[in-house]
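# Below is the sequence, then the predicted model.
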Amino acid sequence: MGFIAGVFVVSIISYLILKMSVTLNLRYYFLGTSAMLFILSISFMGYGITELQEVGIFDTTLISIPKITILGIYPTMETLIPQLILLGLLSLSVYKAFFKRDAV
């Protein structure tokens, strides 16, 4: 289903660009794709660590937070701490890219 939706969206964007001379602001395009990659990286980290816990490579320390499977957030310390560290690093990179301008 996701593949079909992706092909549909790309087809519409291609039609708009080629036939109707619509120009896309690449800044917003790359901001959107970067945001999706940030979310996916946090989600994949949670999925991966949870899989390693299921096979017994990592211990499981439960905490009292809700499980949000679609975002890869599971109620264990072993998944939450690396995700928070990654979120901090991603936030720092966004800050450096957009809000901290060096004097020329």
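That came through, no problem.
# Of all residues in this structure, which one is nearest the centre?
Per Cα atoms, centre = their mean, the C-alpha nearest to the average position across the chain is that of residue 39, at 1.7 Å.
# so which strand or helix has it?
Following DSSP states H and E, one finds residue 39 within helix 26-54.
# Next, the buried residues of that helix.
Buried residues in helix 26-54, counted by 16 or more other Cβ atoms under 10 Å: 38, 41, 42, 43, 45, 46, 49, 50, 53. Every C-beta, even on glycine, is put in place using the N, C-alpha and C of the backbone.
# The residue nearest to the centre of the chain against residue 72, yeah?
No: with contact defined as Cβ atoms under 8 Å, residue 39 does not count as touching residue 72 (9.0 Å).
# Can you show me the helices along this structure?
Taking DSSP state H to define them, one finds helices in the chain at 2-20, 26-54, 77-98.
# Turn those into a markdown table, including mean pLDDT and distance to residue 60.
Shown next, in a markdown table, are these (pLDDT from 0 to 100; distance: least, Cβ to Cβ, whole Å):
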| stretch | mean pLDDT | distance to residue 60 |
| --- | --- | --- |
| helix 2-20 | 87 | 30 |
| helix 26-54 | 90 | 5 |
| helix 77-98 | 91 | 7 |
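# ok, for residue 90, nearest residue in space, not its chain neighbours?
When the adjacent residues along the chain are set aside, residue 90 lies closest to residue 38, with 5.0 Å between them (Cβ to Cβ, 6 or more residues apart in numbering).
# Oops, could you answer that again for residue 42 instead?
Nearest one to residue 42, counting by Cβ to Cβ, 6+ apart, is residue 83 at 5.3 Å.
# That neighbour: what's it in contact with?
Residue 83 makes contacts with 42, 45, 46, 72, 73, as judged by Cβ atoms under 8 Å, 6 or more residues apart in numbering.
# Against residue 93, how distant is it?
Relative to residue 93, residue 83 is positioned 16 Å away (criterion: Cβ to Cβ, to the nearest Å).
# tell me the contacts of the nearest residue to residue 82 once chain neighbours are set aside?
In space, residue 82 comes closest to residue 45 once its chain neighbours are excluded; the distance is 5.8 Å by Cβ to Cβ, 6+ apart. By Cβ under 8 Å, 6+ apart, residue 45 lies in contact with 72, 79, 82, 83, 86.
# Please consider this matter closed, and thank you.
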